[in-house]
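Asker: below: sequence and its predicted model.
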Amino acid sequence: MNAVDPKNRMNELTSREWLQFQKSWFVLENSPLPDFIRFFTKSNYENGHSGHVGVYPTELIERNQKELPEDRSYIAISNIDSKQAADYVYIDLTDINSRDKLFGAKTQIDGLITWCRKNLGEQKYITIAAQNIHGENGSQPIAWEITKWFSEFFVQKDEKIGCRAYSEEEQAEKQNGWAPRNTVTYFLHFRKEKELPRQLTFELPWPEEKTKSTLPKSTKANDFTENWYIHRPPRREKGVLLHPAKFPEDLVERYIQNFTSRGEWVLDPMAGTGSSLLAAANCGRHAAGIELNPEFVEIAKARFAANAQIALVTGDAVEAKSYTEFPMLDYAITSPPYWDMLRMRGAETQQKRKAAGLQRWYSEDPNDAGNIADYLEFIKLLAKIYHHVALKLKPGGYFTIIVKNVKKKGVIYPLAWDIVAALKEDYIYCGEQFWCQDDQRLSPFGYRYAWVSNTFHHYCLTFRRKG
Ligand SMILES: C[S@@+](CC[C@H](N)C(=O)[O-])C[C@H]1O[C@@H](n2cnc3c(N)ncnc32)[C@H](O)[C@@H]1O
């Protein structure tokens, strides 16, 4: 038994156990409920009471009985009117697998919210397990919608994703059109606080199931449909170290091969040092790119020398004129600045980059999306750029955006989800794949006080241009 750190307000874990919990993704084999309870509660609070854990649905208590810590007490949230103080609440909504079921369960979910408002202690956490469901008509963003409902009253904290392997049967299942499999469960975290939280304003897109699509049937390869994967980028070459956030060519190549054929055209409207253009050329595709910062353009051009397959323009991707010299495109893949986070990071990496004389952010240019401080303005700018991309994409063409949800000064900004909502006029949203990193060092953020994860999963959002 470990000695309990008296300053640890959250739990009775050692710093090493705390660290293990910090990673934002995990391989989902058994129920994570016991581990969550050990993280979010104590067996013995200062006033002597043991942690009270609210669980929904009730049968989870029985099903996990052997693994649940014995020194906590469990409250079945079956009677919505009951008054029992809780230190932590775990709600499993993974059986909701369609829009109809979700909106059919609205009253029930409102009841759960009311229960938590009444019974959960201040500064205490709620975990919701939920899934988005991807299918041939597009993605149903169930987990994100549920987050919006809880976020009216509780502060959205970090998300963890539980990633499971898919069975041979699932693998053999033929899909009509491209969609990621459904093997990721979101564990969404909220905290009850005195002040009401920042409201989430997004209106999510839902697939139109009744109307027949006018798009051509997708003929694209269906082999890259993992909902999550671990990818370790090779070490970066010296020249491109100058760029603060480059993505790995071999990852981009997987996408390009999945969504295009030889000789087709691929675009990256924020090309940086040209990784996606190079990846496209490696796969025998033509590549088009736009990049605002002339220094990065220079590095990119040095990387691919005078390759006739690549057209790279120095310009602003928000302006239509930057796209005029490109033909109609078959696919686009890009990664935007993660808002102005590079300017925020007091982090170690930024200190190291400074010491090495490397650039810590993209540029001082006011048109650089990474320099926009207002979050909604930033989303609007990205939506404008992606609208130009839509105008250049052939109907039915796919578009992948690699991005993270970000946290700034303790507040979560669901950038990935906001982008999906902002693109609904031009694109069908096909679903998310997670690029999970397992080669990064964990930091014990929030130790003793709060749960602040190390975000080691990137969203790879794929869209399809509407007809
Ligand atoms: C995340 S980085 C892209 C990295 C790139 N995928 C790579 O691997 O090198 C985002 C890029 O967007 C560029 N950028 C920011 N605002 C832009 C704008 N308005 N038009 C074009 N590029 C812009 C930045 O200079 C930066 O290089």
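Answerer: Okay, I see it.
Asker: so which residues of the stretch 101-250 of the chain form helices?
Answerer: Secondary structure of the stretch 101-250 of the chain, counting by DSSP state H, counting those that start in this stretch: helices at 106-119, 142-150, 168-172, 249-259.
Asker: what's the angle from the first one to helix 142-150?
Answerer: Here the directions of helix 106-119 and helix 142-150 differ by 50 degrees (axes from the mean of the first three to the mean of the last three CA atoms, to 10 degrees).
Asker: if you count neighbours, what's buried in helix 106-119?
Answerer: Within helix 106-119, the residues that qualify as buried are Ile109, Leu112, Ile113, Trp115, Cys116, Asn119, counting by 16 or more other CB atoms under 10 Å. Yep, even glycine has a C-beta here, placed from its N, CA and C like the rest.
Asker: what helices and strands are in contact with the lengthiest helix in the chain?
Answerer: As assigned by DSSP state H, the longest helix anywhere in the chain is helix 375-392. Packed against helix 375-392 by the contact rule (3 or more CB pairs under 8 Å, 6 or more residues apart in numbering; DSSP states H and E) you find strand 329-334, strand 393-403, helix 415-422.
Asker: of all those, which gets the most neighbours per residue?
Answerer: Mean neighbour count (mean count of other CB atoms under 10 Å) peaks for strand 329-334 among the helices and strands packed on helix 375-392, with a mean of 24.
Asker: for that strand, the averaged confidence score.
Answerer: The average pLDDT for strand 329-334 rounds to 97.
Asker: so it versus helix 375-392, what angle?
Answerer: For strand 329-334 against helix 375-392, the angle by the same axes, to 10 degrees is 160 degrees.
Asker: now do strand 329-334 against helix 249-259, angle only.
Answerer: 150 degrees.
Asker: that older thread, CA atoms only for the longest helix of the chain, dumped as CSV, please.
Answerer: Below are the C-alpha coordinates for helix 375-392, written out as CSV (Å, rounded to 0.1, in the frame of the first residue of the first chain):
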residue,chain,number,x,y,z
TYR,A,375,-11.4,31.8,-31.3
LEU,A,376,-14.6,32.3,-33.4
GLU,A,377,-12.8,34.6,-35.8
PHE,A,378,-10.2,31.9,-36.2
ILE,A,379,-12.8,29.2,-37.0
LYS,A,380,-14.5,31.6,-39.5
LEU,A,381,-11.2,32.1,-41.3
LEU,A,382,-10.6,28.3,-41.5
ALA,A,383,-14.1,27.8,-42.8
LYS,A,384,-13.4,30.4,-45.6
ILE,A,385,-10.2,28.7,-46.6
TYR,A,386,-11.9,25.3,-46.7
HIS,A,387,-14.8,26.8,-48.8
HIS,A,388,-12.2,27.8,-51.4
VAL,A,389,-10.9,24.2,-51.2
ALA,A,390,-14.4,22.9,-51.8
LEU,A,391,-14.7,25.1,-54.9
LYS,A,392,-11.6,23.4,-56.3
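Asker: gap between it and the chain center?
Answerer: 19 Å (CA atoms, centre = their mean, to the nearest Å).
Asker: which residues does it contact?
Answerer: By CB atoms under 8 Å, 6 or more residues apart in numbering, the surrounding residues in contact with helix 375-392 are 201, 267, 269-270, 317-318, 320, 322-323, 326, 328-329, 332, 334, 336, 339-340, 369, 372, 399, 401, 413, 415, 418-419, 422-423, 426-427, 465-466.
Asker: please pick the buried ones from these.
Answerer: Buried residues within these, counting neighbours by 16+ other CB under 10 Å: 267, 269-270, 317-318, 322-323, 326, 329, 332, 334, 336, 339-340, 369, 372, 399, 401, 413, 415, 418-419, 422-423, 426-427, 465-466.
Asker: who touches Gln131 in this structure?
Answerer: Thr94, Ile96, Asn97, Ile142, Ala143, Asn182, Val184, Thr185, Tyr186.
Asker: mind running it again at 7 Å?
Answerer: Contacts for Gln131 were tallied using CB atoms under 7 Å, 6 or more residues apart in numbering; they are Thr94, Asn97, Ile142, Ala143, Asn182, Thr185, Tyr186.
Asker: my guess is the fifth one meets Ser139, correct?
Answerer: Put plainly, it is Asn182. No: counting by CB atoms under 7 Å, Asn182 sits too far from Ser139 to count as a contact (9.7 Å).
Asker: higher neighbour count, these two?
Answerer: When Asn182 and Ser139 are compared for neighbours, Ser139 comes out ahead with 26 against 19, by other CB atoms under 10 Å.
Asker: and whichever residue of the chain sits closest to the ligand, how far from Leu28?
Answerer: Taking CB to the nearest ligand atom as the measure, the chain has Gly272 as its residue closest to the ligand, at 2.5 Å. Distance of Gly272 to Leu28, computed by CB to CB, to the nearest Å: 33 Å.
Asker: looking at these two, which one has more neighbours?
Answerer: Gly272 (26 against 19).
Asker: hmm, that one is touching Phe296, no?
Answerer: Yes: assessed by CB under 7 Å, Gly272 is found in contact with Phe296 at 5.4 Å.
Asker: the ligand contacts on the stretch 251-400 of the chain?
Answerer: Residues of the stretch 251-400 of the chain found near the ligand (CB under 6 Å from any ligand atom) are 270, 272-273, 275-276, 290-293, 296, 316-318, 335-337, 362-363, 367-370.
Asker: from the residues you listed, which ones fall inside helices?
Answerer: Within those, residues falling in helices by DSSP H are Ser275, Ser276, Phe296.
Asker: number of residues surrounding the last one?
Answerer: The local packing count at Phe296 equals 24, with neighbours defined by other CB under 10 Å.
Asker: so what's Thr334 up against?
Answerer: Asp268, Pro269, Met270, Ile401.
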